[in-house]
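# Coordinates for the following, if possible.
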Amino acid sequence: MTMQRSWRELHFTDIFLVFIPISAGLYYLHVSNASAFVTAALAIIALTHRMVSSTAIIAAQVSNTTVSALLNVTFGNAVEFFIAIFALRSGLVEMVKASMVGSITISVLLLIGLAMMSGGLKYKEQRFNKDSAGLSSTMLMIVVIGLAMPSLYSMIEGQPRQSMSQAVSVILGAIYLLGLVYMLVTHTHLFVVERHPPHAIEVRKSTRAQVAILLISTLLLTFECHILVGTVEPLIRQTGLTETFIGLVVIALITNIPEHLSAISFARQDNMTLSLEIGMNSATQIALFVVPVLVLLSPTFMEDSLNLVFTPFQLAALMITGIIANFISSDGVCHWLEGAQLIAVYLIIATAFYFL
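Numbering: from 1, shown residues only. Next up is the predicted model:
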């Protein structure tokens, strides 16, 4: 029984853990930058999934789905933060900006789109919590406004102003914290949704063991992010891909695969509320927490500080994402075609950035 139980706990992404030593060997022996990039990416996917899985087991004891989703996306977004830190230290500022935009668009369009499609193929219609989705969609519109103002200022004046980006970052971070207070303290009744009780196997798992897994995975993830970023510049020279495309599509997709798998799994269980909260909370946490923290911390470890000045195409992608997020949350009902439409919008945005 123990062997059968352990086998059921395995996930296909765990196979990618073997690429941790392989990526290290390829990178430090200078065998192949492309191979080191691919193997590091596969290792990151496996490690991120381990972190998300451990967090989900801990969060399974929490009755509030919003808390569960926040725990999942917080550890899921750790990889974006680590990659951004290493990339900023390497001077890859444009890639960091693009990866942040990419994470937001992927979380709202591709992640939720795939969840709606997978759930819609099993259920004719699925319902979700409009209050939770509505709050997140409003937060995304605030993000668009917050990122547009420094960008417009730079277009008009001809140069960015770091103090403006820092001030806007403080405001965005503050509204994110206030949103957490609203969801977790003052208006928790709006976000309580019936959820399936955790499996017995999850209940029996030691919380201490899961914390240990999180710590070990985090350390290994930091190491793999260092390898991934170290191979980006040679990869750009070899493939001809732009720094923006690699950040917005490739890096963003790598770092969000485990969250995609979780969202699809919950959608197949007819828990579309949790699927949407994973996608929406991931996007808002990146935009309202990770990006402001990077803007405020960047002067301490790099010469050219990160700012909130984005290109017109990046702003357009964010604006489209924010508008669509508002449409998603309007009726509290979704189906497979709506998911296909979201995926189509994401593919159009990714295609546009490929040709830039």
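# isn't there a helix covering Asn307?
No. The assignment for Asn307, made by DSSP: H, G, I helix; E, B strand; the rest coil, is coil rather than a helix.
# elements contacting the helix or strand Asn326 falls within?
Element membership for Asn326 (DSSP states H and E) is helix 312-328. Contacts defined by 3 or more C-beta pairs under 8 Å, 6 or more residues apart in numbering; DSSP states H and E place helix 312-328 against helix 93-105, helix 130-157, helix 272-285, helix 336-354. (Each C-beta comes from the backbone N, C-alpha and C, glycine too.)
# Contacts for the following helix or strand past that helix next, please.
Next helix or strand after helix 312-328 toward the C-terminus (DSSP H and E): strand 333-334. Strand 333-334 is contacted from outside by 116, 119-120, 125-128, 272, 328, using C-beta atoms under 8 Å, 6 or more residues apart in numbering.
# Swap in 7 Å and give it another go.
For strand 333-334, contacts defined as C-beta atoms under 7 Å, 6 or more residues apart in numbering pick out 116, 125-128, 272.
# Could you do stretch 235-243 as well?
Contacts for stretch 235-243 (C-beta under 7 Å, 6+ apart): 33-34, 37, 92, 94-95, 246, 356.
# ok, now with 6 Å
For stretch 235-243, the surrounding residues in contact (C-beta atoms under 6 Å, 6 or more residues apart in numbering) are 33, 37, 94-95.
# Report the separation between the two terminal residues of it.
Counting by C-alpha to C-alpha, to the nearest Å, you get 10 Å between the two ends of stretch 235-243.
# same question, stretch 227-234
First residue to last in stretch 227-234 (C-alpha to C-alpha) measures 12 Å.
# which parts of that stretch are buried?
Under the neighbour-count criterion of 16 or more other C-beta atoms under 10 Å, stretch 227-234 has 227-232 buried.
# and His226, how many residues sit next to it?
18 (other C-beta atoms under 10 Å).
# Wait, it touches Phe86, no?
Yes. Here His226 lies in contact with Phe86, judged by C-beta atoms under 6 Å, at a distance of 5.4 Å.
# Need the worst-confidence member of the contacts of stretch 235-243.
In this model, the minimum pLDDT among the contacts of stretch 235-243 belongs to Asn33 (87).
# show me what contacts Asp270?
Tyr123.
# From Asn307, how far off is it?
In this view, Asp270 and Asn307 are 43 Å apart by C-beta to C-beta, to the nearest Å.
# do the same with Leu172
Here Leu172 is placed at a distance of 13 Å from Asn307 (C-beta to C-beta).
# can you check Tyr354 too?
Taken as C-beta to C-beta, the span from Tyr354 to Asn307 is 25 Å.
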